[in-house]
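Chemist: Have a look; sequence and predicted model below, questions after that.
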Amino acid sequence: MKVHFFGAAGEVTGSNSLIETGNKKIIVDCGMFQGGDFNEAKNHDPLPYNANEISAVLITHAHLDHVGRLPLLVKEGFTGFFYATPATMELAELVLKDALSVMEHDNIKFGRQVLYSEQDIAGVMQQFKPVDYYQWQDLFGDGSVKIYLRDAGHIFGSAFIEIDAEGKKIIFSGDVGNVHVPILRDTDNLPDDIDLLVCESTYGDKFHESDQTRREILEKAVLEAVKRGGVLMIPSFSLERTQELLYELDKLIEQEHRLPAMPIFLDSPLAIGATRVYRKYTQYYDESAVKLIKSGDDMFDFPGLVLSETRDDSKRINNTHNPKIIIAGAGMMNGGRILYHALRYLSDPQSTLLIIGYQAHGTLGRQIQEGATSVNVMGERVSVRCAVKTIGAFSAHGDQHKLLDWINSGKNLPKRICLNHGENNVRQFFAEKIKEKLGIDTTVVQKSLVIEI
């Protein structure tokens, strides 16, 4: 059995791997590369394999950097099934349609090429085969390749995938969730006797604040923004980060009365659509969220919250007096409605930008996070005069402690580890940490690497 690494492999976007077993070729994730532009040029490079030769596609979760190029597989002749949890399937459709909307907007405004069509997305959805957690799936009906999905605790419906073939067991982590995340269940433990663990390492060199500290920082950021009299902008990933943020704001405003009611705009059609999916699959909730629902509290609806679904709704936000909070996509500020608010408020000394998620190299969010005093927003040069704050504990990725604990969560350790998803310096640091703490042979993979199991 061979494993090919085509995406991520030195960065945190564009996840894409291929497994060869017997005469079958199986893809794990096929995501978009994300950087300075929403639709990076390398997304238009030819796929590194023939789509019509692929036997099956496995999807860990619905983030764009894991599903964003699925329509290309259909467009280029893939006729098999896409396997994912039911929630991932529904969220992936929302994510792909939202991405297409952004690309079509950028095509009209900037002349950028559109990657795929609505027909290609429809093709993906027609070829989806839902697989829920904790159920063996015989991919080809002959017992040659079986898969098993466990909860990764990263976003709603996320899974790490066990692949059993040729008497070997491979795990693809996808992205591993943080600890004490509201709404979601904890990450499941690893199974035993793993021959290869393909693992992410996004925060392999960092430690997040505690969940209590996270809530305190959020409360302080909101109160300071109110005192400054400006706008609190929160660029937020529409899946998980936004719902987690709403959960915390509901707690601070409606349950604990620690924050004053004020206009809070959720300016993201994708996040609004994703929240509807959250309401549908309550079986994926953790115990605390289940108790909250049973008590009659709707964690996604509280005083002051306004859903801005249409472009006209978004424009009307400007008519509301400060202070106010605007939660908008995209989370790395490389597209979406947050750019319009950034254009308007980054130069306002009374306003605040609160970064609550990972910012990839080259993105607007990363530039601001690293202290840029002026940035390019939609073709205009804008001074950064607003306050800039970061909360690491809102990340949907586990930190170094969580990743090490997870790798060590089975009855025995994986025989071999490949670090795929993460920046090069972080992956190298984390590989050394795994060797030091757990003594496991760990490979920092590069693009086009092929390993044999």
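Modeler: The structure has been received and is ready for your questions.
Chemist: The nearest residue to Gly7 once chain neighbours are set aside bridge partners, please.
Modeler: Distances taken as C-beta to C-beta, 6 or more residues apart in numbering put Asn16 closest to Gly7, at 3.1 Å, once the chain neighbours are dropped. From N, CA and C alone the C-beta is placed, and that goes for glycine too. Beta-bridge partners for Asn16, by DSSP bridges, are Gly7, Cys30.
Chemist: Asn16 against Phe33, yeah?
Modeler: No. The pair Asn16 / Phe33 is not scored as a contact, 9.6 Å apart, by C-beta atoms under 8 Å.
Chemist: Now do the helix or strand bottoming out on mean pLDDT in the chain: everything it contacts.
Modeler: One helix or strand of the chain scores below all others by mean pLDDT, DSSP states H and E: helix 287-294, with a mean of 81. Contact with helix 287-294 is made by Pro182, Ile183, Tyr247, Thr282, Tyr285, Met299, as judged by C-beta atoms under 8 Å, 6 or more residues apart in numbering.
Chemist: how close does Gln446 get to Leu18?
Modeler: 15 Å (C-beta to C-beta, to the nearest Å).
Chemist: Can you pick out the residue with more neighbours from these two?
Modeler: Leu18 (20 against 12; other C-beta atoms under 10 Å).
Chemist: quick one, phi psi at that one?
Modeler: Leu18 adopts backbone torsions of phi -140, psi 130, taken as degrees, to the nearest 10.
Chemist: just Asn107 next, same as before
Modeler: The phi/psi pair for Asn107 (degrees, to the nearest 10) is phi -70, psi -40.
Chemist: For Leu100, see how far away it is.
Modeler: 10 Å.
Chemist: so what's in contact with these two at the same time?
Modeler: Common neighbours of Asn107 and Leu100 (criterion: C-beta under 8 Å, 6+ apart): Val114.
Chemist: More neighbours: which of the two?
Modeler: Ranked by neighbour count (other C-beta under 10 Å), Asn107 and Leu100 place Leu100 first, with 18 against 13.
Chemist: Low-confidence ranges, this structure, go.
Modeler: 36, 39 (pLDDT under 70).
Chemist: ok, His257 - how many residues close by?
Modeler: Neighbours around His257, by other C-beta under 10 Å: 9.
Chemist: ugh, wrong one, Pro260
Modeler: 12.
Chemist: Isn't it up against Ala225?
Modeler: No. Pro260 is not in contact with Ala225 according to C-beta under 8 Å; the separation is 11.2 Å.
Chemist: count of residues packed around Asp298?
Modeler: Neighbour tally, Asp298, other C-beta under 10 Å: 12.
Chemist: now swap in Asp106 and tell me
Modeler: 18.
Chemist: What of Gln126?
Modeler: Residues near Gln126, counting by other C-beta under 10 Å, number 9.
Chemist: hang on, the earlier thing: tell me how far the least confident helix or strand of the chain is from the chain's mean position?
Modeler: 24 Å (C-alpha atoms, centre = their mean, to the nearest Å).
Chemist: Ok, stretch 123-142 next?
Modeler: Mean-position distance between stretch 123-142 and its chain equals 22 Å (C-alpha atoms, centre = their mean).
Chemist: Convert the C-alpha atoms of it to CSV, please.
Modeler: In CSV, the C-alpha atoms belonging to stretch 123-142 read as follows (Å, rounded to 0.1, in the frame of the first residue of the first chain):
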residue,chain,number,x,y,z
GLY,A,123,-22.5,16.6,-9.3
VAL,A,124,-20.6,16.3,-6.0
MET,A,125,-23.8,16.2,-4.0
GLN,A,126,-25.3,13.5,-6.3
GLN,A,127,-22.3,11.3,-5.6
PHE,A,128,-22.2,11.8,-1.8
LYS,A,129,-22.7,8.7,0.3
PRO,A,130,-23.2,9.6,4.0
VAL,A,131,-21.4,7.4,6.6
ASP,A,132,-22.1,8.1,10.2
TYR,A,133,-19.7,7.7,13.1
TYR,A,134,-18.9,4.3,14.5
GLN,A,135,-20.1,2.3,11.5
TRP,A,136,-17.8,0.1,9.3
GLN,A,137,-18.2,0.9,5.6
ASP,A,138,-17.0,-1.7,3.1
LEU,A,139,-16.0,0.6,0.2
PHE,A,140,-16.1,-1.8,-2.7
GLY,A,141,-18.3,-4.6,-1.3
ASP,A,142,-15.4,-7.2,-1.4
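Chemist: Going by neighbour count, list what's buried in it.
Modeler: For stretch 123-142, a neighbour-count test (16 or more other C-beta atoms under 10 Å) marks Gly123, Val124, Met125, Gln127, Phe128, Val131, Tyr133, Gln137, Leu139 as buried.
Chemist: Max pairwise distance over these: which two?
Modeler: Largest separation among these by C-beta to C-beta: Gly123 and Tyr133, giving 26.0 Å.
Chemist: which stretches of the stretch 51-200 of the chain form helices?
Modeler: For the stretch 51-200 of the chain, applying DSSP state H, counting those that start in this stretch gives helices covering 64-67, 70-75, 86-110, 118-126.
Chemist: how far off helix 86-110 does the last one point, in degrees?
Modeler: Angle between the axes of helix 118-126 and helix 86-110 is 170 degrees (criterion: axes from the mean of the first three to the mean of the last three C-alpha atoms, to 10 degrees).
Chemist: Compute the distance between the residue lying farthest from the centre of the chain and Phe302, please.
Modeler: Distance from the centre of the chain peaks at Asp142, with 33.8 Å (C-alpha atoms, centre = their mean). Asp142 sits 52 Å away from Phe302, going by C-beta to C-beta.
Chemist: Likewise for Gly177?
Modeler: Counting by C-beta to C-beta, the gap from Gly177 to Phe302 is 25 Å.
Chemist: More neighbours: which of those two?
Modeler: Applying other C-beta under 10 Å to Gly177 and Phe302 shows that Gly177 carries more neighbours, namely 26 against 19.
Chemist: who are the neighbours in contact with the more buried one?
Modeler: Ala152, Gly153, His154, Ile155, Ser158, Leu184, Asp186, Thr187, Ala396, His397, Gly398, Lys402.
Chemist: neighbours of the closest residue to the fourth one other than its chain neighbours, just the number please.
Modeler: Across the structure, with C-beta to C-beta, 6+ apart as the measure, the residue nearest Ile155 apart from its sequence neighbours is Glu240 (3.7 Å). For Glu240, the tally of surrounding residues (other C-beta under 10 Å) stands at 32.
Chemist: close enough to count as contact, Glu240 and Pro182?
Modeler: No. Applying C-beta under 8 Å, one finds Glu240 not in contact with Pro182, separated by 9.7 Å.
Chemist: In three-state terms, label Ala271 for me.
Modeler: Secondary structure assignment for Ala271 (DSSP: H, G, I helix; E, B strand; the rest coil): helix.
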